[in-house]
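1. no sequence on this one, just coordinates:
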């Protein structure tokens, strides 16, 4: 595989997201190499701790729960009640650091992003999350109100930040962490 600028930028950004235990969204038109770039970077950076979910057709939090249950290889049957299911997932995600990749993120609604935030925001979970999806998804985020973006972007009060193309790469957003235990150094991801 040739190390194109986009591929190398995705690798650098994925490394930064993993180090910060943050969230990132890679977006662009169909066929632009989002998934390939993310997968290539993670094969190099986190081959044994990456878990992939591919969700389609407007996944609900229930769909995400079941996708995570399968991706993490959890034993037994999935719990029937959401609160029990969330507890199980949070306990599993607290055991060891993991990188979660949600492909086809353009299909997620607000409740889906809010569910990811719910998992990521828990002080016990030890995760980084990378979303890959089509442009429509991020256009919806850009149209959202500041309050909605703050909730959707998994950020406490700061909204979603488009980072300079030179620093992040065309078509990538970093979702900056604001939890003190999720940053590295003062002002990380400002």
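-> That came through, no problem. Keep in mind the model is a prediction, meaning the values are calculated, not measured.
2. Show me the strands in this protein, by range?
-> Ranges of strands within the chain are 23-27, 50-54, 98-103, 127-133, 161-162, 172-175, based on DSSP state E.
3. Point out where the protein drops to low pLDDT.
-> 1-3, 135-190 (pLDDT under 70).
4. picking up where we left off before, as TSV, the strands of the chain with mean neighbour count and distance to residue 39 would be great.
-> Where you see a C-beta, it was placed from the backbone N, CA and C, and this is true even at glycine. Shown next, in TSV, are these (neighbours: other Cβ atoms under 10 Å; distance: least, Cβ to Cβ, whole Å):
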stretch	mean neighbour count	distance to residue 39
strand 23-27	25	11
strand 50-54	18	8
strand 98-103	23	8
strand 127-133	25	9
strand 161-162	14	23
strand 172-175	24	15
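5. Next, format these as JSON lines and append distance to residue 118.
-> Below are the strands of the chain laid out as JSON lines (distance: least, Cβ to Cβ, whole Å):
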{"stretch": "strand 23-27", "distance to residue 118": "13"}
{"stretch": "strand 50-54", "distance to residue 118": "15"}
{"stretch": "strand 98-103", "distance to residue 118": "13"}
{"stretch": "strand 127-133", "distance to residue 118": "12"}
{"stretch": "strand 161-162", "distance to residue 118": "21"}
{"stretch": "strand 172-175", "distance to residue 118": "14"}
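6. Just the residues contacting stretch 76-84, thanks.
-> Taking contacts as Cβ atoms under 8 Å, 6 or more residues apart in numbering, the residues outside stretch 76-84 that touch it are 61-62, 65-66, 69, 85, 88.
7. buried set for stretch 41-58?
-> Neighbour-count burial for stretch 41-58, counted by 16 or more other Cβ atoms under 10 Å, picks out 41-42, 45-46, 50-53, 55.
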